[in-house]
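J.: Got a sequence here, can you model it:
(2 chains)
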Amino acid sequence: MNLLKGGSVRAWAGFAGAAVLLFALAPLALSEFRLGLLAKYLCTAMVAVGICLAWGRGGLLTLGQGVFFGLGGYAMAMHLKIADAGPGNLPDFMQLYGTATELPWWWQPFTNPVFALAATVLLPMVVAALLGLFIFRRRVKGAYFAILSQALAAAFAIWLIGQQATTGGTNGLTDIQGFFGYDLNDPVNQRMVYFIIAAALLLLMALARQLIQSRYGELLVAVRDSEERVRFLGYDPANVKLVAYVVAAGMAGLAGALFVPAVGIISPALIGIVPSIEFVIGAAVGGRASLVGAVLGAVAVAWAKTALSEEFPAAWTYFQGLLFIVALAFLPGGLASLAVFVRRRGTRRKKAAAVVPVGEAA
Amino acid sequence: MTVILGQTFTGISIGAVLLLIALGLSLTFGQMNVINMAHGEFIMAGAYTTYVLQKSISGAGISLLVALPVAFLVSGALGALLEWLLIRRLYLRPLDTLLVTWGVSLMLQQLARDIFGAPNVQTRAPDWLTGNITLIGGDDPLTVANSRLFILGLAVAAVVALSLTLRLTPLGRRIRAVVQSRDLAEVSGISTSRVDRTAFFIGSGLAGVAGVALTLVGPIGPTMGTNVIIDAFLVIVVGGIGQLRGTVIVAFVLGVLQSVLEYSTTVSVAKVLVLVAIVAFLQWRPQGLYTLRTRSLV
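T.: Got it, this is the predicted structure:
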């Protein structure tokens, strides 16, 4: 159980070993297509790691992770599009619309691969820092924060759609062929992308675990549970929340950046209100406060979506709605808490049998 | 000059729609502290009610007038059902109500898709709402669509009715008592759970009325609720939670702002600028335009 609660080092080492082994064996067991899907789910799981930190630990219900995922994704896709087009050429969709005769000024820096790579993580972090400063300093929180973050996701998607000529509009940036000189159509290179994603996910989980275990992690939970008391103790809760929000944004940005070579597309439909909430549901189903729970939940929900929506798109929507209702109304700790709950019931029952004759079992 | 007046009036009519959409929310979110994401789908239910009634009643004028009370009852009943099934278990966890009701909204959207089909449908406006009224004649006339005026009138009527109910009736007094001090109200013999459900019925019913109004300005479809819900929440947040006058003022201000910005930039840039303006405004007044003064720390 320590495993799910982020406990002992040995449990974590065991988990990490098992994960590495699983990730290493997956390409042998899965077809090319399925491996691509798995890579996609793992990207969702990377966003869930950030959500676990910001929402599960910090109580910041961010319904706008799609924005940061999108910033990372677009930063990466812009560079890959420029690289695909070759030096001096415009990306294909700009030629198609014929509106731009040269690369727009804000595309220019993304020609540089180092800048583009750094931007995939730093851009979301800067945006989150600016927004967080404005919001947390003035003690805008709870539902206000959730709604503002959701409005941000809506506004960002609408803005992208509006800039047809320079962002590809509704279509987004599609048909990405290469990844820093490697041809993405080659299955070997696809496998390489998968390994990068799996490694990045494990890295982010380790980072998140370090944060959760540290003094800062304790402070974050304290802010979630009683912000006023933390303030009276002399800390500034705004800074504590800001760090969690910014780190979560960076993780979502990296996820978005790696999503692009794995899937070959980034578009407003992948980052608007609906996908932003879908990021949250995975973490909620698995267990928002448990790192492993959130990651497994995210993968499971993403997998369920593919499995169900391919065959029955209508059924998937009902099922998704039910997942929200059941996971949040009746099992707020997610599936991770189910294990703890069952275990606790077991021990309680033993104790109850020994000491208390009736009642108090629940 | 006429351009400015024209944009202002367009803004006012956007504001009237916003106000109608946000009015029910100001009751359920503001008074009950429940973030009901399914509110948009109650609006959709009102719009589809109008559509069904128009199919079954021949006269477009009569069916619209019949639709107003019927939509109120249909959406209100949905709201009361939702409150009874789910929300009453979650009053202590407002953030979770947000996600739970989002789940409900997904299911309602799919239900609408299964019943009425995925494509949008349209209602026919009655004859007395087609035409325009000329406010300023001459070379550079300023005309206003009748349907827009009707929506403005409907919004004003709904605000007046709601505020009179809250101010004057015994039910209104009970609602205000529960909002101000739930425990004290309970001790005074008020059944707070019944008041919660009634308030939810009224708030959701107003969403149904908003749905009827929306049929006059746009198509009816399964996702129409999602498109308006965030704007409605922003109106409430900026106006101040549970503050009716804040909701009214902010709905019109945001409507005019949106309209003016759309005129000088594009629709998508205007959306982003409005959001920036809202975040800037919250720096000045983090609790919204009007707040109930309390001695709490937040």
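J.: Now for A:Leu96, how many residues are close by?
T.: Number of residues near A:Leu96 (other C-beta atoms under 10 Å in any protein chain shown) recorded here: 11. For glycine as for every other residue, the C-beta is placed from the backbone atoms N, C-alpha and C.
J.: swap in A:Trp159?
T.: 17.
J.: In contact with it, which residues?
T.: Each residue near A:Trp159 by C-beta atoms under 8 Å, 6 or more residues apart in numbering or on different chains is listed here: B:Ser268, B:Val269, B:Lys271, B:Val272.
J.: now, which of those residues sits nearest chain A?
T.: B:Ser268 (2.7 Å; C-beta to the nearest C-beta).
J.: surely A:Ala143 meets B:Leu95?
T.: Yes: using C-beta atoms under 8 Å, A:Ala143 is in contact with B:Leu95, at 6.5 Å.
J.: ok, residues contacting stretch B:53-68?
T.: Under C-beta under 8 Å, 6+ apart, the answer for stretch B:53-68 is B:46, B:49-50, B:70, B:123-129, B:154, B:209, B:212.
J.: Please read the previous query as pertaining to stretch A:293-311.
T.: A:4, A:37, A:40-42, A:44-45, A:47-49, A:51-52, A:56, A:201, A:205, A:278-279, A:281-288, A:315-316, A:319-320, A:323, A:334-337.
J.: The same query, at a cut-off of 6 Å, please.
T.: A:4, A:41, A:44-45, A:48, A:52, A:281-283, A:285-287, A:315-316, A:334, A:336 (C-beta atoms under 6 Å, 6 or more residues apart in numbering or on different chains).
J.: mean confidence for that stretch?
T.: Averaged over stretch A:293-311, pLDDT sits at 88.
J.: Next: stretch B:200-220.
T.: 92.
J.: Over to stretch B:234-247?
T.: 86.
J.: Name the residues of it that are buried.
T.: B:234-244, B:246-247 (16 or more other C-beta atoms under 10 Å in any protein chain shown).
J.: What residue in the stretch 51-200 of chain B comes nearest to chain A?
T.: B:Gly103 (2.6 Å).
J.: With adjacent residues omitted, what lies nearest to that residue?
T.: A:Phe324 (2.6 Å; C-beta to C-beta, 6 or more residues apart in numbering or on different chains).
J.: Run through the residues that contact the one you found.
T.: A:Ile281, B:Leu99, B:Trp102, B:Gly103.
J.: 8 Å - rerun?
T.: Counting by C-beta under 8 Å, 6+ apart, the residues that A:Phe324 touches are A:Ile281, A:Ala284, B:Leu99, B:Val100, B:Trp102, B:Gly103, B:Val104, B:Leu106.
J.: same deal with B:Ala16?
T.: B:Arg148, B:Ile151, B:Leu152, B:Leu154, B:Ala155, B:Val156, B:Ala251, B:Phe252, B:Gly255.
J.: Tell me which residues of the longest helix seen in chain B come out buried.
T.: When chain B is parsed with DSSP state H, its longest helix is helix B:60-85. Using 16+ other C-beta under 10 Å as the test for burial, helix B:60-85 gives B:60, B:63-64, B:66-68, B:70-72, B:74-80, B:82-83.
J.: so how far is that helix from its chain's centroid?
T.: Relative to the centre of its chain, helix B:60-85 is centred 14 Å away, using C-alpha atoms, centre = their mean, to the nearest Å.
J.: ok, now stretch B:122-137?
T.: Per C-alpha atoms, centre = their mean, the centroid offset for stretch B:122-137 relative to its chain is 23 Å.
J.: Report the mean confidence score over that stretch.
T.: 78.
J.: Give me the contacts around that stretch.
T.: Contacts of stretch B:122-137 (C-beta under 8 Å, 6+ apart): B:2, B:5, B:9, B:50-51, B:54, B:59-61, B:64, B:141-147, B:149-150, B:215-216, B:219-220.
J.: could the contacts of A:Trp159 be laid out in CSV, adding secondary structure, distance to A:Tyr74 and pLDDT?
T.: Below are the contacts of A:Trp159 laid out as CSV (DSSP: H, G, I helix; E, B strand; the rest coil; distance: C-beta to C-beta, whole Å; pLDDT from 0 to 100):
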residue, secondary structure, distance to A:Tyr74, pLDDT
B:Ser268, helix, 16, 81
B:Val269, helix, 18, 85
B:Lys271, helix, 18, 84
B:Val272, helix, 16, 85
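J.: Buried only: go through the residues you listed for me.
T.: B:Ser268, B:Val269, B:Lys271, B:Val272.
J.: The third one against A:Leu160, yeah?
T.: No: look at B:Lys271 against A:Leu160 with C-beta under 8 Å: they stay out of range, at 11.4 Å.
J.: returning to that earlier point: buried among the contacts of stretch B:122-137? Need that as a selection in PyMOL.
T.: The PyMOL command for the buried members of the contacts of stretch B:122-137 (criterion: 16+ other C-beta under 10 Å) is given here:
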select buried, chain B and resi 9+50+51+54+60+64+142+144+145+146+147+149+150+215+216+220
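J.: Hmm, A:Ala75 and A:Leu123 touching each other?
T.: Yes: A:Leu123 is within contact range of A:Ala75, at 5.7 Å (criterion: C-beta under 8 Å).
J.: Which neighbours do the two have in common?
T.: A:Gly253.
J.: For those two, work out which one has more neighbours and name it.
T.: A count of neighbours by other C-beta under 10 Å puts A:Ala75 above the other of A:Leu123 and A:Ala75, at 27 against 20.
J.: could you give the mean pLDDT of the strand or helix carrying the more buried one?
T.: Per DSSP states H and E: A:Ala75 is located in helix A:65-85. The average pLDDT within helix A:65-85 is 93.
J.: anything in it near chain B?
T.: No: Helix A:65-85 does not reach chain B (C-beta under 8 Å from any C-beta of the partner chain); its nearest approach is 11.5 Å.
J.: which helices and strands does that helix pack with?
T.: Judged by 3 or more C-beta pairs under 8 Å, 6 or more residues apart in numbering or on different chains; DSSP states H and E, helix A:65-85 is in contact with helix A:32-51, helix A:92-97, helix A:113-137, helix A:143-162, strand A:178-179, helix A:237-263, helix A:273-286.
J.: try it again with 6 Å
T.: helix A:113-137, helix A:143-162, helix A:237-263, helix A:273-286 (3 or more C-beta pairs under 6 Å, 6 or more residues apart in numbering or on different chains; DSSP states H and E).
J.: what does chain A put close to chain B?
T.: A:61, A:134, A:138-140, A:143-144, A:146-147, A:151, A:154-155, A:158-159, A:162, A:228, A:277, A:314, A:317-318, A:320-321, A:324-325, A:328-329 (C-beta under 6 Å from any C-beta of the partner chain).
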